[in-house]
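Peer 1: predicted model and sequence below, questions to follow.
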Amino acid sequence: MEEDYRYKEIVELEGTSIISNKKKKICEKSGVSYFDESHDVDDDMYYTSDDGGKTPSPPPEPLYSGKTPVFDQISELYISGEDEEEPDDINERSNAFVETMEEEDKIQYDTVEEFFKLMIRKFDTSSHSFIWRCLLLWYLFPKNCEFYMEDIIHLWIAQSFNNFPLDEDAACLWYEEFEQMRVVEPSCLDSSTGRLRYKLNHSFVDLLQAQPNIINRYYRDGNAYISERTLHASLQDNFDPVKLQDLYPSKGLVTLLILHKQGSRLDQIPRDLFLKLTLLRALDLSHTCITELPSSIGNLEDLRYLNLSGTPITTLPGSLCSLYQLQTLKLRGCLKFLRLPKGMHKLVNIRHLDVDVSCLMNSMPPGFGNLAELRTLPAFIVSKESGCHITELKNL
């Protein structure tokens, strides 16, 4: 029997985040550093030479060393409030930045390596590998592909980057560095969320496109080929769903992004997809037409980032609750979503649960007090019938 809506109460939490009582200092445990990192992705740091041997890829030797890491050097300004004052109005900030970009749009470098050398000047050598991997990860995004800053931050954290210490605070500062270097730029203000959308600087996309060795590990729809060596892949969501089977030989695939384009044709996930690609850490299916996930998603033991925003999905399989390393679950704009699995309390490492308050959910599953790492929860549904009380959140 359906629950009486008279007993449903949506509690909109102050702001958009719940901050745990535990100290969340920059450079403290990142949310991934204490996981079992048995699957480190190092191979994209090597290129295969013409004779079949392996040669180290950049990062090249720093021009000079001894600088402090970004979260010592930049965060001091960030925390003390000594950074430059900016207009409060988000439109003013966006317009001012876009005007600057129009005047000086092109990045004046011939190669990604040259750009990398300039960027690492002010950072400690321990961060150079992280910077290089971030630069290459941008290859997955074509020109004019829009994204939110928080999505990129959560993707970075999901990658782990060989245990490089990275939490949301530090990742935000790194993102600001890439923005200052004009790798990313504001695109538009999302009218439905009030948040800025970003895109890559076209000149930087051209630099990445001219980097032939990237295709050894990174696949972008229409710009490379898929092989068993592919580690990161992005596809446009207007592709034939059968094309997903082309990914099956890439058993080491870590990242799979289905990028939104008008006219999505993806309405079903092959049930054996998650039996073939068991090492996925980041999976973005947002704005596709899927209504359900196969139970085989429970095989993705390394999955840390799952984005289902803007889909007509109604429920999630119970097997999802066995993904103990899951950190981010996005259900923003899933207006037909009915309920979360009962075993959500098992996801003890989840940090961001983005559920839309306008969905059809009547209640929350019990045990939210177990989710001690939770930092983002836009709303909590209180229900007398199901026994969901606001006291569930007292320990967060």
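Peer 2: Good, I have the coordinates. Residues are numbered from 1 along each chain as shown.
Peer 1: going forward, measure contacts and count neighbours with C-alpha atoms only.
Peer 2: Will do.
Peer 1: low-confidence bits of the stretch 251-396 of the chain, can you list those?
Peer 2: Scanning the stretch 251-396 of the chain for pLDDT under 70 picks out the ranges 262-263, 358, 383-388, 394-396.
Peer 1: mind listing the helices for the stretch 101-250 of the chain?
Peer 2: Applying DSSP state H, counting those that start in this stretch to the stretch 101-250 of the chain gives helices spanning 112-119, 128-137, 149-159, 168-180, 202-209.
Peer 1: can I get those in a markdown table with distance to Val254?
Peer 2: Below are those laid out as a markdown table (distance: least, CA to CA, whole Å):
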| stretch | distance to Val254 |
| --- | --- |
| helix 112-119 | 23 |
| helix 128-137 | 12 |
| helix 149-159 | 8 |
| helix 168-180 | 19 |
| helix 202-209 | 20 |
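Peer 1: ok, now which ones touch Glu146?
Peer 2: For Glu146, the set of contacting residues under the criterion of CA atoms under 8 Å, 6 or more residues apart in numbering consists of 187, 197-199.
Peer 1: which of those residues sit farthest apart?
Peer 2: With distances taken as CA to CA, the most widely separated pair in those is Arg197 and Lys199, at 7.0 Å.
Peer 1: so what sits against both of the two?
Peer 2: 146-147, 186-187.
Peer 1: ok, of these, which one's closest to Asp354?
Peer 2: Phe147 (15.9 Å).
Peer 1: show me where the protein has strands.
Peer 2: 8-12, 46-48, 54-56, 184-189, 196-200, 218-220, 232-236, 255-259, 282-284, 305-307, 328-331, 352-355, 379-383 (DSSP state E).
Peer 1: average pLDDT across the third one?
Peer 2: Meaning strand 54-56. Averaged over strand 54-56, pLDDT sits at 46.
Peer 1: now the fourth one
Peer 2: When pLDDT is averaged along strand 184-189, the result is 94.
Peer 1: give me the pLDDT for the closest residue to His202 other than its chain neighbours.
Peer 2: Nearest in space to His202, with sequence neighbours left out and distances taken as CA to CA, 6 or more residues apart in numbering, is Lys143 at 6.1 Å. You'll see Lys143 listed with a pLDDT of 89.
Peer 1: of Arg197 and Lys199, which one has the most company?
Peer 2: Lys199 (20 against 17; other CA atoms under 10 Å).
Peer 1: how close does the more buried one get to Asn144?
Peer 2: The spacing between Lys199 and Asn144, counted by CA to CA, to the nearest Å, is 6 Å.
Peer 1: one more: Phe123?
Peer 2: Summarising the geometry, the distance separating Phe123 from Asn144, computed by CA to CA, is 30 Å.
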